[in-house]
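Colleague: Here's a sequence, model it:
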Amino acid sequence: MADPSIPGAYFDAASTEPPHPAARSALLETMDTAWADPARLYGTARGTRLVLDRARERTAAVLGVRADELSFTASGTQAVHLAVLGGLRARRRTGRHLVVGAVEHSSVLHAAEAHEREGGEVTVVGVDRTGRADPAEFAAALRPDTALACLQSANHEVGTVQPVAEAAEACRAAGVPLFVDAAQSLGRMDVPGGWSFLAGSAHKWGGPAGVGVLVVRKGTRWRSPLPDDERERRRVPGFENVPGIVAAAAALEAYRADMAADAPRLAALVDRVRAEVARTVPDVEVVGDPVRRLPHLVTFSCLYVEGEALLTELDRLGFAVSSGSSCTADTLRPSHVLEAMGVLTHGNVRVSLPRGARAADVDRFLAELPGAVARLRGAALSTLETGGTPDETGRRSRP
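Modeller: From the prediction side, this is the model:
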């Protein structure tokens, strides 16, 4: 538990951005004025429908797509599943082959697993040590029976930007639709064109949780993997969360404007973290592409330190950070992203700066980190010297 006497610094924007004030204002106003069923014909309902349509137009304008190409979902994960499984279902006559990047978000990989369980085939395209897929390898994975290819816009754990433009060109030449999971980049940077499906999540740009976006380009074949429903152009079942959608649209517009001004400053702070961590912490590996990356995110791994213990110690010091390598109790497996990259997986810390992150908080983090790592390494060494043994994950246990 964090020490209440220490001022807190939230550095986990890659998990969820703090709510944007524009979202709160829009949410409260819409809850009072646009709560009726937008599918009905009476006046209050028609008013709600107009509000929903306007939010769709505003969101589409920021994303650079047509309003009738965009549907709102219950989450980013639902948008991913609908895009992947719906894209595959629509092209079953072409084939049942799916191409995915090795470092895709788990929602993409779980959809791929479901496809395999139903008899489909999946090709996984590897990445280099920066976490970037090779465009030539991605293109070579496409086959005449490939129904869909998936490549994220930027990695959620290490920030590396993927070669979406090159992948889109290869998919266009092969006649294969491309799905892009853009959850980490929407609002922060533009996504190159040429894709067929795109998904995002409002809480990543300061909107409310429980709102995702699914974009299906005109002319792209898609068939819902779910039972039929009349809502959202028959793409997404269930009653639309109009207040949440309006709040998401307002936050996206405001957040995009914020990032146009603040992204260079955040990128400079991240450059400082990359340099100082490598300089002041022994036996550390800073991972991800140092140049082709998201502006706000940096990940590093510390040898001889358990990631979970390091996160707990940093929390005690007032820093909210996350890790891509915390082993789960049931699998004891580290991050699939770091494994695919072939980099150090334990003692991992992901720092992702929210809008308005303070340079003073970053400076304090850099001042506290070396001591925190040293204390944990000393404790681990003491445990080993008194008879502890390392298990297969690198953790120390008493005999």
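
Colleague: Buried residues in the host helix or strand of Thr312, which are they?
Modeller: Taking DSSP states H and E as the criterion, Thr312 maps to helix 307-316. By neighbour count on 16 or more other C-beta atoms under 10 Å, the buried set for helix 307-316 is 307-311, 313-314. All C-beta spots, glycine's among them, are computed from the backbone N, C-alpha and C.

Colleague: can you list the domain ranges for the chain.
Modeller: With domains defined by automatic domain parsing, the chain comprises 9-17+262-378, 21-254.

Colleague: Switch the ones you listed over to TSV; also include mean pLDDT.
Modeller: Shown next, in TSV, are the domains of the chain (pLDDT from 0 to 100):
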stretch	mean pLDDT
domain 9-17+262-378	92
domain 21-254	97
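
Colleague: Mind jotting down where the helices sit in this structure?
Modeller: For the chain, the helices defined by DSSP state H occupy 21-33, 43-63, 76-90, 106-117, 135-141, 164-174, 242-280, 307-316, 336-341, 359-385.

Colleague: Look at Asp68 and say how many residues are nearby.
Modeller: Residues near Asp68, counting by other C-beta atoms under 10 Å, number 12.

Colleague: can you pull the contacts of it?
Modeller: By C-beta atoms under 8 Å, 6 or more residues apart in numbering, the residues touching Asp68 are 218, 233.

Colleague: again, only this time at 10 Å
Modeller: Counting by C-beta atoms under 10 Å, 6 or more residues apart in numbering, Asp68 makes contact with 56-57, 60, 216, 218, 233.

Colleague: what do you get for His336?
Modeller: 102-104, 106, 109, 157, 324, 345.

Colleague: now do Leu366
Modeller: Residues near Leu366 by C-beta under 10 Å, 6+ apart: 272-273, 275-277, 279-281.

Colleague: Closest one of these to Val287?
Modeller: Taking C-beta to C-beta as the measure, Val287 sits nearest to Val277 out of the contacts of Leu366, at 10.9 Å.

Colleague: That closest one and Gly119: what is the separation?
Modeller: Look at Val277 and Gly119: by C-beta to C-beta, to the nearest Å, they are 46 Å apart.

Colleague: out of these two, which sits in the busier spot?
Modeller: Val277 (22 against 7).

Colleague: what sits against that one?
Modeller: Taking C-beta under 10 Å, 6+ apart as the test, what Val277 contacts is 284-286, 298, 300, 302, 349, 351, 365-366, 369-370, 373.

Colleague: Output those residues in TSV, with distance to Arg132 appended to each entry.
Modeller: As requested, the contacts of Val277 are arranged in TSV below (distance: C-beta to C-beta, whole Å):
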residue	distance to Arg132
Val284	21
Glu285	17
Val286	15
Val298	16
Phe300	18
Cys302	23
Val349	21
Val351	20
Phe365	27
Leu366	27
Leu369	26
Pro370	29
Val373	28
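
Colleague: from these, which two are the most distant?
Modeller: Farthest pair in those (C-beta to C-beta) is Glu285 and Phe365. Separation: 18.0 Å.

Colleague: The two: which is more packed in?
Modeller: Taking other C-beta under 10 Å, Glu285 and Phe365 do not tie; Phe365 has more neighbours (22 against 19).

Colleague: my guess is that one meets Val351, correct?
Modeller: Yes - taking C-beta atoms under 10 Å as the definition, Phe365 is a contact partner of Val351 at 7.4 Å.

Colleague: list residues touching both of those two?
Modeller: What both Phe365 and Val351 touch, as defined by C-beta under 10 Å, 6+ apart, is the set 9, 11, 273, 277, 314, 319, 321.

Colleague: Quick one: end-to-end distance for stretch 197-217.
Modeller: 6 Å (C-alpha to C-alpha, to the nearest Å).

Colleague: And stretch 227-246, by the same measure?
Modeller: Using C-alpha to C-alpha, the two ends of stretch 227-246 sit 26 Å apart.

Colleague: re earlier: looking at the helices of the chain, which one is packed in the most?
Modeller: Comparing the helices of the chain on average neighbours per residue, with mean count of other C-beta atoms under 10 Å, the densest one is helix 76-90 at a mean of 24.
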